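1. Build the 3D model from these lines:
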Amino acid sequence: MAEAISAGHGGVAAAARATKVARSTIGRGIKDLHEPARLTGKVRRKGAGRLALTVKDRTLLDDLQQLLEPATMGDPLRPLR
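-> Numbers count the residues shown, from 1 in each chain. Alright, predicted model coming up:
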C-alpha cells in the first residue's frame, strides 16, 4: 500500500498489476494507513469462519471422553486429558 502511495498517480493500478491484488483491496489498505483508528482488530465479519466441530457434531466431546477414560483412569490431571 505504501508503494502505491509513493508512486503517485497510477500507483494503485501499478501495485495491483504487480501483486495481482484487486485495486479495491489496495484502496482499503490505503484508507487503513491514513486512518489507523478505524482498525478494530477484527479480521472477519461477524458469523464468518468455520463452525466449531462441537457445533457440527454435538456428540464429539462425549465420544472423545469415552475414548480417553480408560487411559486417564479417572485422574483429571493426567497429561492426556
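2. So which helix or strand of the chain has the lowest pLDDT on average?
-> None of the helices or strands of the chain scores lower by mean pLDDT, DSSP states H and E than helix 2-7, at a mean of 71.
3. Buried residues, that one. List them.
-> A4 (16 or more other Cβ atoms under 10 Å). Using the backbone N, CA and C atoms, a C-beta is placed for each residue, glycine as well.
4. next one: it to chain centre, how far?
-> 26 Å (Cα atoms, centre = their mean, to the nearest Å).
5. do the same with stretch 32-52
-> 9 Å.
6. Beyond the least confident helix or strand of the chain, next helix or strand please.
-> Following helix 2-7 in sequence order, the next helix or strand is helix 11-19 (DSSP states H and E).
7. buried sites along whichever strand or helix holds G27?
-> According to DSSP H and E, G27 maps onto helix 23-34. Across helix 23-34, burial judged by 16+ other Cβ under 10 Å covers I26, G29, I30.
8. Can you lay out these as TSV showing pLDDT and distance to G47?
-> Output for the buried residues of helix 23-34, formatted as TSV (pLDDT from 0 to 100; distance: Cβ to Cβ, whole Å):
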residue	pLDDT	distance to G47
I26	85	26
G29	83	24
I30	83	27
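9. Show me the shaky parts of this protein.
-> Within the chain, the segments meeting pLDDT under 70 span 1-2, 42-44, 71-76, 78-81.
10. Can you tell me which of the buried residues of helix 23-34 is nearest L67?
-> L67 has its nearest neighbour among the buried residues of helix 23-34 in G29, at 46.3 Å by Cβ to Cβ.
11. any idea how far that closest one is from A15?
-> 9 Å (Cβ to Cβ, to the nearest Å).
12. What is the helix holding G27 packed up against?
-> helix 2-7, helix 11-19 (3 or more Cβ pairs under 8 Å, 6 or more residues apart in numbering; DSSP states H and E).
13. got JSON lines for the ones you listed, with distance to L60 too?
-> Shown next, in JSON lines, are these (distance: least, Cβ to Cβ, whole Å):
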{"stretch": "helix 2-7", "distance to L60": "45"}
{"stretch": "helix 11-19", "distance to L60": "41"}
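14. And the ones you listed: which comes nearest R58?
-> Closest among the helices and strands packed on helix 23-34, once you apply Cβ to Cβ, is helix 11-19, at 43.5 Å.
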